[in-house]
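S.K.: Structure for the following, please:
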Amino acid sequence: MEKIRCKWCNLKNEKYIKYHDEEWGVVNFEEHYLFEMLILESFQAGLSWECVLNKRESFKEALDNFDIDKICTYDTQKIDELMTNEKIIRNKLKIKATINNANIFKKIQQEYGAFHNYLKTFTNDEIKYETDKTTNEISDKLSEDLIKRGMKFVGSTIIYSYLQAIGIINSHEEGCYKHQTKK
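M.R.: Below is the predicted model of the structure:
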């Protein structure tokens, strides 16, 4: 019998099914993953997540496996190289934001010991279970703070998607085999 998934999951796209089944809404606070997902979510602004997901492997290759230390040192030559890479989203503002956001991410890690520790100041280390939302109080406050710190492409909707991606917000729809309510 076929598993019932969230309505947004394109059943014709194996990458999307795998992401839905194995990653989205699954708690993962590993620092490298937190950084990767923040970068990918920022590229989503104005686009579909499926578009970004389809280019994830190309992003991984183009952005040195999301190596934050390398990304922090990207210069105009690297930006120009990325702008010619047809396998990724070639938006100069988003590429520059990636470098900027990497530097701020590192500053937050240094300030809090880990980016996850920073996130806990907004989430109280709790998982939220909610559907049919695109923002909430947590995403509003986190977005506001990240913007104040100088990050770009981190509006409340992007941050809400980010929190869903890393498992802080579990939004699997009712009827989906992954749906949960508070434990």
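S.K.: Over to stretch 63-82 now: how far is its first residue from its last?
M.R.: One end of stretch 63-82 sits 9 Å from the other (C-alpha to C-alpha, to the nearest Å).
S.K.: tell me which element N117 is part of?
M.R.: helix 115-123 (DSSP states H and E).
S.K.: Give me the most central residue, this protein.
M.R.: M37 (3.1 Å; C-alpha atoms, centre = their mean).
S.K.: just the angle between the longest helix anywhere in the chain and helix 115-123, please?
M.R.: Counting by DSSP state H, the longest helix found in the chain is helix 92-112. Comparing the axes of helix 92-112 and helix 115-123 via axes from the mean of the first three to the mean of the last three C-alpha atoms, to 10 degrees yields an angle of 90 degrees.
S.K.: I'd assumed D64 was in contact with K70.
M.R.: Yes - here K70 reaches D64: they are 4.3 Å apart, a contact under C-beta atoms under 8 Å. Yep, even glycine has a C-beta here, placed from its N, CA and C like the rest.
S.K.: Report the contact partners of the residue nearest to the centre of the chain.
M.R.: Counting by C-beta atoms under 8 Å, 6 or more residues apart in numbering, M37 touches 162, 165-166.
S.K.: Now do the same contact list for the spatially closest residue to E23 that is not a sequence neighbour.
M.R.: Closest residue to E23 apart from its sequence neighbours, by C-beta to C-beta, 6 or more residues apart in numbering: A165 at 7.3 Å. Taking C-beta under 8 Å, 6+ apart as the criterion, A165 is in contact with 23-24, 37, 40-41.
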